[in-house]
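> how would this look folded up:
(4 chains)
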Number of protein chains: 2
Amino acid sequence: MERGIYICITVMEPKGKKILIADDEPDILEILEYNLTAEGYTVFKAKDGDEALIQAKQQQPDLIILDVMMPRKTGMEVCQILRSQPGFSNTLIIMLTALSDETSHVKGLEMGADDYVNKPISPKVLISRVNALFRRTFRGDETVIKLGDLQIDKEQFIVRYKGDDIILAKKEFELLALLASKPGRVFLRHEILSQVWGADVIVGDRTIDVHIRKIRQKLNIDCITTVKGVGYKFEMTAG
Amino acid sequence: MERGIYICITVMEPKGKKILIADDEPDILEILEYNLTAEGYTVFKAKDGDEALIQAKQQQPDLIILDVMMPRKTGMEVCQILRSQPGFSNTLIIMLTALSDETSHVKGLEMGADDYVNKPISPKVLISRVNALFRRTFRGDETVIKLGDLQIDKEQFIVRYKGDDIILAKKEFELLALLASKPGRVFLRHEILSQVWGADVIVGDRTIDVHIRKIRQKLNIDCITTVKGVGYKFEMTAG
DNA sequence: AAAGTCGTTAACAATTTTATAATATTATAC
DNA sequence: GTATAATATTATAAAATTGTTAACGACTTT
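Residues are numbered from 1 along each chain as shown, chains lettered A, B, ... in the order given. The predicted structure follows:
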């Protein structure tokens, strides 16, 4: 490496939860985006039902705010589709509507929405409802590691990338989960061995490499970096 | 056992969750009690804030519905007191109010309420909000699990697929019900053993497999996925 | 008593996962 | 650049895990 003075600028990663807003009125999208971003959330937008589904799959948001009246699939339809998919059974959903009739309120909740809010609504109130939902939901410890578009679900034993399931074998999964548990940190080879294989198990030198290779192959993303002579670390370089 | 003719009358046990309602208007108490009881919940009542606190401690309800405007401690105060106690940090709280101003809405939620509802509210809507709260909080506790065209009734011990009854033996049913109680989640073999067979029962290695096989055979749907080296999970892939 | 159900086990087949060995490639120090 | 060590890659063999079938005893029902 060249000599010189290096200044390291750490860019604050938006650590907040990801929220997807779907509404066909641009004004509402903008107001909500502004307020939720100010609150520390990372916001994605969609202007109709189909787009909402695409974004949901791609971004894997923690919460989706759905307008009921939208072109190309209503909020109700989107909610129903999402809830029937395994990856979205835990995703929070808030329905937003101008209709204030009782039947659709009940229907929305029965369809699997977590909250149903009538428009017009003040941003402050909506934000506090959003906060309340998150507060209640994430009281327990999380079994899902989320890193960008990658999700490692220890409960379902599945890795998801942009909404697509990737099936790893047990050892592969455990190895990836270990590395991803502390992104950026280098795990020494003997650390990996003792954590994934067990302290007393003796396996050959190349065993770790082969598993790393399989993970890289299956994920098809650059996310495991080799630190020569030391070990491996998880690092999202692409994707 | 004595000989004779036995007629078994199964009385529906109030298996539902316990709900405490606190409101100073007797009419509201009664309407809500009637509707929530009809829905299968066990209801307790309190007519002011102090009584609400006493009942909460005594009955340990799963959900408390608090009117904001009450004599002898407002709903806000009760909420604050409860949330500061260790035993009630996870108890669900719905605030009910005639005030429809934004500030108290936000304040109520920030105080730790899980929902904030303006009066007047139709019992139907309130019930569906209550159900929605429980659905997310106590998932897996339901007596009837509905997943697509499949219905698993734990109370009646019946599995129905597209309207047809499927008869499973006891162990088969319990195994399926366990897996289906948390769709997507992987149950480890030893978890299955301790939940279905009992922690101390020792059975052979292939016993679980054989039961899984029988379930798959009888249901004839792809709904149980094997996670090799780990366990099984319920997942509707087809049907 | 006969027929049927249920839960379990044993035996074996089929499959998948894991480890290793052999070889190629890459990074790093000199 | 070259030598060297470390890692990547590939194929293959070994090991582990699960699927499947049949059979047995304990019970229940007819």
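> ok, now how distant is A:Val68 from chain B?
Between A:Val68 and chain B the distance is 15 Å, computed by CB to the nearest CB, to the nearest Å. Every residue, glycine included, has its C-beta placed from N, CA and C.
> Grab the nearest non-local neighbour of A:Val186.
The shortest distance from A:Val186 to any non-neighbouring residue, by CB to CB, 6 or more residues apart in numbering or on different chains, is to A:Lys233 (4.4 Å).
> And that neighbour, which helix or strand is it part of?
strand A:231-234 (DSSP states H and E).
> What lies in contact with that strand?
Strand A:231-234 is contacted by residues A:147, A:176, A:179-180, A:182-189, A:191-192, A:208, A:212, A:223-227 when judged by CB atoms under 8 Å, 6 or more residues apart in numbering or on different chains.
> again, 6 Å this time
Residues outside strand A:231-234 that contact it (CB atoms under 6 Å, 6 or more residues apart in numbering or on different chains): A:Leu179, A:Ala180, A:Pro183, A:Val186, A:Phe187, A:Leu188, A:Arg189, A:Ile224, A:Thr225, A:Thr226.
> Distance of the residue nearest the centre of chain A relative to A:Phe138?
Compute the mean C-alpha point of chain A, and by CA atoms, centre = their mean the closest residue is A:Gln60, 4.4 Å away. Distance from A:Gln60 to A:Phe138, counting by CB to CB, to the nearest Å: 15 Å.
> same thing with A:Thr74?
Taking CB to CB as the measure, A:Thr74 falls 29 Å from A:Phe138.
> Which residues of chain A lie near DNA strand D?
Applying CB under 7 Å from any atom of the strand, we find that chain A lies next to DNA strand D at A:189, A:205-206, A:209-210, A:212-213, A:216, A:226-231.
> The longest helix seen in chain A vs chain B: in contact?
Counting residues, the longest helix found in chain A (DSSP state H) is helix A:123-137. Yes: under the criterion of CB under 6 Å from any CB of the partner chain, chain B is reached by helix A:123-137 at A:Lys124, A:Val125, A:Ser128, A:Ala132, A:Arg136.
> Leaving out the residues flanking it, which one is nearest to the second one?
The reference is to A:Val125. Here the nearest residue to A:Val125 in space, its sequence neighbours aside, is B:His105; by CB to CB, 6+ apart that works out to 5.2 Å.
> Quick check: pLDDT value at the one you found.
pLDDT recorded at B:His105 is 94.
> Which elements pack onto the one helix or strand it maps to?
Using DSSP H and E, B:His105 sits within helix B:102-110. Taking 3 or more CB pairs under 6 Å, 6 or more residues apart in numbering or on different chains; DSSP states H and E as contact, the helices and strands that helix B:102-110 lies on are helix A:123-137, strand B:115-118.
> Output the lowest mean pLDDT helix or strand found in chain A.
Ranking every helix and strand in chain A by mean pLDDT, DSSP states H and E puts strand A:144-147 at the bottom, with a mean of 90.
> And A:Asp23, how close does it get to A:Ala46?
Looking at A:Asp23 against A:Ala46, where the rule is CB to CB, the gap reads 8 Å.
> same check, this time on A:Met76
Spatial separation of A:Met76 from A:Ala46 under the definition CB to CB is 15 Å.
> Which one's more surrounded, these two?
Taking neighbours as other CB atoms under 10 Å in any protein chain shown, A:Met76 and A:Ala46 compare with A:Ala46 leading, 25 against 20.
> Please enumerate the strands of chain A.
Secondary structure of chain A (DSSP state E): strands located at A:18-22, A:42-46, A:63-67, A:92-97, A:115-118, A:144-147, A:150-153, A:158-161, A:164-166, A:186-188, A:224-227, A:231-234.
> Please identify the deepest-packed of those strands.
By mean neighbour count, with neighbours taken as mean count of other CB atoms under 10 Å in any protein chain shown, strand A:63-67 ranks first of those at a mean of 26.
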